[in-house]
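> got a sequence here, can you model it:
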Amino acid sequence: MKAFTDSEILNLLPQIPQWKYQTGYLKRELKFSEFTKAITFLNQVATLAESHQHHPLMTNNHNQLLIQLKTFDVEGISEKDFALAKAIDSIEITKE
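Just a heads-up that it's a prediction; the model follows:
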């Protein structure tokens, strides 16, 4: 496995339109109607990440969740990050 170049990342980014590439990470920010919904989603992501054996940096602030993906083994963004981002996007989100 290797880290993608910036050019490769930008070419692949349309596959995960809810994600942004910023400061060495793929990131997605979500806002929920209440704290418990944010935590429920966070826990779903944690379970999914465990099954992928790839663990994101997740920051929760009340009803907001920031998910950041980076493959530390290759010091950059890899196919593992795109695969997990797509899997996260498949989780049904209850924001209301």
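
> all strands of the chain, in order?
Applying DSSP state E to the chain gives strands spanning 20-22, 25-31, 57-61, 64-69.

> buried ones in the second one, by neighbour count?
The one in question is strand 25-31. By neighbour count with 16 or more other C-beta atoms under 10 Å, strand 25-31 contains the buried residues Tyr25, Leu26, Lys27, Arg28, Leu30. To be clear about C-beta, it is placed using only N, CA and C from the backbone, and glycine gets the same treatment.

> quick revisit: now tabulate the strands of the chain in a markdown table and tack on mean pLDDT and distance to Ser78.
Output for the strands of the chain, formatted as a markdown table (pLDDT from 0 to 100; distance: least, C-beta to C-beta, whole Å):
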| stretch | mean pLDDT | distance to Ser78 |
| --- | --- | --- |
| strand 20-22 | 96 | 13 |
| strand 25-31 | 97 | 10 |
| strand 57-61 | 97 | 15 |
| strand 64-69 | 98 | 9 |
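
> which of the ones you listed sits closest to Asp89?
Smallest distance to Asp89 across these (C-beta to C-beta): 8.2 Å, for strand 25-31.

> tilt between the closest one and strand 64-69?
Using axes from the mean of the first three to the mean of the last three C-alpha atoms, to 10 degrees, the direction of strand 25-31 lies 160 degrees away from that of strand 64-69.

> pull up the pairing partners for strand 25-31, direction included.
Using DSSP bridges, the strands paired with strand 25-31 are strand 20-22 (antiparallel), strand 64-69 (antiparallel).

> convert the C-alpha atoms of the last one to PDB, please.
As requested, the backbone C-alpha atoms of strand 64-69 are provided in PDB (Å, rounded to 0.1, in the frame of the first residue of the first chain):
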ATOM      1  CA  GLN A  64     -21.200  18.100  15.800                       C
ATOM      2  CA  LEU A  65     -18.900  15.400  14.700                       C
ATOM      3  CA  LEU A  66     -15.600  15.700  12.700                       C
ATOM      4  CA  ILE A  67     -14.200  12.600  11.100                       C
ATOM      5  CA  GLN A  68     -10.700  12.700   9.800                       C
ATOM      6  CA  LEU A  69      -9.100   9.800   7.800                       C
END
